[in-house]
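S.K.: Got a sequence here, can you model it:
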Amino acid sequence: MSGHSKWHSIRRSKAIVDNKRGAVFTKIAREITVAVRESGSGDPDVNFKLRTVLLKARAENMPAENIKRAIEKGSGAAGATAEEEITYEGYGPAGCAILVQALTDNRNRTASEVRNAFTKGGGNLGESNSVGYLFERKGVIRIALEGKDADEVMLSVIDAGADDVQGPNEDEELEVYTAFEDTRKVTEALEKQGFKVLSSETAMIPATNMELEPGKTLQALRLIERLEDLDDVQNVYTNLHISEEVAATLEG
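M.R.: Next up, the predicted model:
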């Protein structure tokens with residue numbers, strides 16, 4: 001499993017233990033609001049971006065009432081505050097690359113919080129394009145095997161237009177990678193073939209990974225977690241490779 005997948009699997013389990021569901025719901029609600037506002041539609045059958053965010057909401061068991069309020073807010077029914085997407089770039093311990101995607105209505109506040117998190121976590125905020133060139137925007141789609149043969153499913157996925165497939169993981173899920181512009185096409189092709197799509201999103205995937213010794217890896221992951229816990233931060237990506245040894249420590 002890739003570092004991206006491994007860390008977010010760990011975070012999903014930690015979110016339950018750490019009782020951070022409320023913060024997760026808030027972040028997803030903001031994504032829903034922005035998806036509706038950008039498209040002008042609260043209908044997931046028309047608005048593909050909204051449909052993919054709703055997959056995430058369901059995976060987190062987000063209450064229907066929260067989803068409804070976020071859609072209404074994006075439609076203007078609840079006086080939505082304009083927010084913009086901003087990407088920050090920086091370095092973690094030992095120079096690992098970190099990309100931070102935020103949604104904010106106050107650039108100064110968010111920049112200050114992100115800079116402070118980098119500093120406290122042993123990293124530093126970089127200039128624009130300082131590490132962005134190390135990543136490629138890709139579509140990432142998770143599907144459930146549901147008892148199907150993994151090798152046969154992988155062939156079907158590649159036929160649907162995917163670039164790469166990883167897994168299955170311990171939850172019997174495959175992670176499908178596609179060119180960014182093909183995300184919708186591949187997602188809909190998989191749905192038409194009867195596969196259960198658990199999530200469909202875009203992510204910044206590193207071209208190559210950096211492996212650090214366990215102590216530095218844990219320090220870097222603490223910085224990433226600090227960034228992810230900021231209210232305005234939606235996603236954090238890194239080229240840090242998480243070894244099985246470190247993963248076992250975190251999951252334990």
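
S.K.: Can you report how many residues lie near residue 70?
M.R.: 29 (other C-beta atoms under 10 Å). C-beta here means a position set from N, CA and C on the backbone, and glycine is covered the same way.

S.K.: Oops, could you answer that again for residue 207 instead?
M.R.: What residue 207 shows, counting by other C-beta under 10 Å, is a neighbour count of 9.

S.K.: I'd say it and residue 137 touch.
M.R.: No - counting by C-beta atoms under 8 Å, residue 207 does not reach residue 137; the two are 11.7 Å apart.

S.K.: I'd assumed residue 33 was in contact with residue 67.
M.R.: No - the criterion here is C-beta under 8 Å, and residue 67 misses it with residue 33 at 10.6 Å.

S.K.: So which of these two has more stuff around it?
M.R.: residue 33 (24 against 18).

S.K.: can you pull the buried residues of the helix or strand hosting residue 72?
M.R.: Per DSSP states H and E, residue 72 falls inside helix 64-74. For helix 64-74, the neighbour count (16 or more other C-beta atoms under 10 Å) marks 66-67, 69-74 as buried.

S.K.: for the stretch 1-150 of the chain, which spans come out with low pLDDT?
M.R.: Along the stretch 1-150 of the chain, the parts satisfying pLDDT under 70 run over 1-21, 77-81.

S.K.: where do the strands sit along it?
M.R.: Ranges of strands in the stretch 1-150 of the chain, per DSSP state E, counting those that start in this stretch, are 84-91, 97-104, 124-125, 135-144.

S.K.: Would you format those as CSV with mean neighbour count and distance to residue 155 included?
M.R.: Shown next, in CSV, are the strands of the stretch 1-150 of the chain (neighbours: other C-beta atoms under 10 Å; distance: least, C-beta to C-beta, whole Å):
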stretch, mean neighbour count, distance to residue 155
strand 84-91, 17, 36
strand 97-104, 22, 32
strand 124-125, 16, 44
strand 135-144, 20, 13
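
S.K.: closest one to residue 45 among those?
M.R.: Ranking the strands of the stretch 1-150 of the chain by proximity to residue 45 (C-beta to C-beta) places strand 135-144 first, at 18.3 Å.

S.K.: So which other helices or strands are in contact with the strand or helix carrying residue 155?
M.R.: Assigned by DSSP H and E, residue 155 belongs to helix 150-159. In terms of contacts (3 or more C-beta pairs under 8 Å, 6 or more residues apart in numbering; DSSP states H and E), helix 150-159 is packed against strand 164-166, strand 173-179.
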